[in-house]
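A.B. asks: fold the following, please.
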Amino acid sequence: MNATSDSSGALSPMDLSIPRSKGIVIAFWIATALFCLQIGFTAYAQLRLPQVAEAFTQLGFPAYFRVELALAKLLGVVLLLAPVPARLKEWAYAGFAITLGSALIAHLSVGDGPEAWGWAAGAGVLWGLSYFFWRRLQAPPASA
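C.D. replies: Take a look at the predicted model:
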């Protein structure tokens, strides 16, 4: 039995020796890197840029929520990029889905235009691509 098997002989989801399409791996890392860069930038902006703090106030959110959200985004980015168990990545993807959906709803509810909600929509597309390719990588390999 090798080090990537559990006591039942099943392969670990972290086993990188499972043959996978190079295209899927590359697409996953490109989408995930772009998504994490975008989310990392928004976290930075929420913590450092006064105009972003003003936007949160316009949306009706308290100041502490902006900080809390930025820290949660940074934690989620770490979970997506680090070699952690699949369950933690699922939670990060779920948290980002809720965050991005909530951002769209908040901006639309106050009548903001695409210049305000477009960033969240673009991040949502990258999120969808990253998650799609990650799920493809998690699927058991097809039997030959």
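
A.B. asks: can you give me the strands for the chain?
C.D. replies: Taking DSSP state E, the chain contains no strands at all.

A.B. asks: where is the longest helix in it?
C.D. replies: The longest helix of the chain (DSSP state H) is helix 22-48.

A.B. asks: elements contacting that helix?
C.D. replies: Contact here means 3 or more CB pairs under 8 Å, 6 or more residues apart in numbering; DSSP states H and E; on that basis helix 22-48 packs against helix 50-58, helix 63-81, helix 114-138. Placement of C-beta: from N, CA and C, glycine included.

A.B. asks: can you give me the buried ones in it?
C.D. replies: By 16 or more other CB atoms under 10 Å, the buried positions in helix 22-48 come out as 27-28, 31-32, 34-36, 38-40, 42-43, 45-47.

A.B. asks: give me the low-pLDDT residue ranges for this structure?
C.D. replies: Segments of the chain classed as low confidence (criterion: pLDDT under 70) are 1-20, 142-144.

A.B. asks: re earlier: any idea how far the longest helix of the chain is from the chain center?
C.D. replies: Remark: helix 22-48 is offset 7 Å from the chain centroid, using CA atoms, centre = their mean, to the nearest Å.

A.B. asks: that helix vs helix 63-81, what angle?
C.D. replies: Angle of helix 22-48 versus helix 63-81, following axes from the mean of the first three to the mean of the last three CA atoms, to 10 degrees, is 160 degrees.

A.B. asks: wait, isn't Val110 in contact with Gln58?
C.D. replies: Yes - assessed by CB atoms under 8 Å, Val110 is found in contact with Gln58 at 6.7 Å.

A.B. asks: could you pull up the residues touching Gly60?
C.D. replies: Ala106, Val110 (CB atoms under 8 Å, 6 or more residues apart in numbering).
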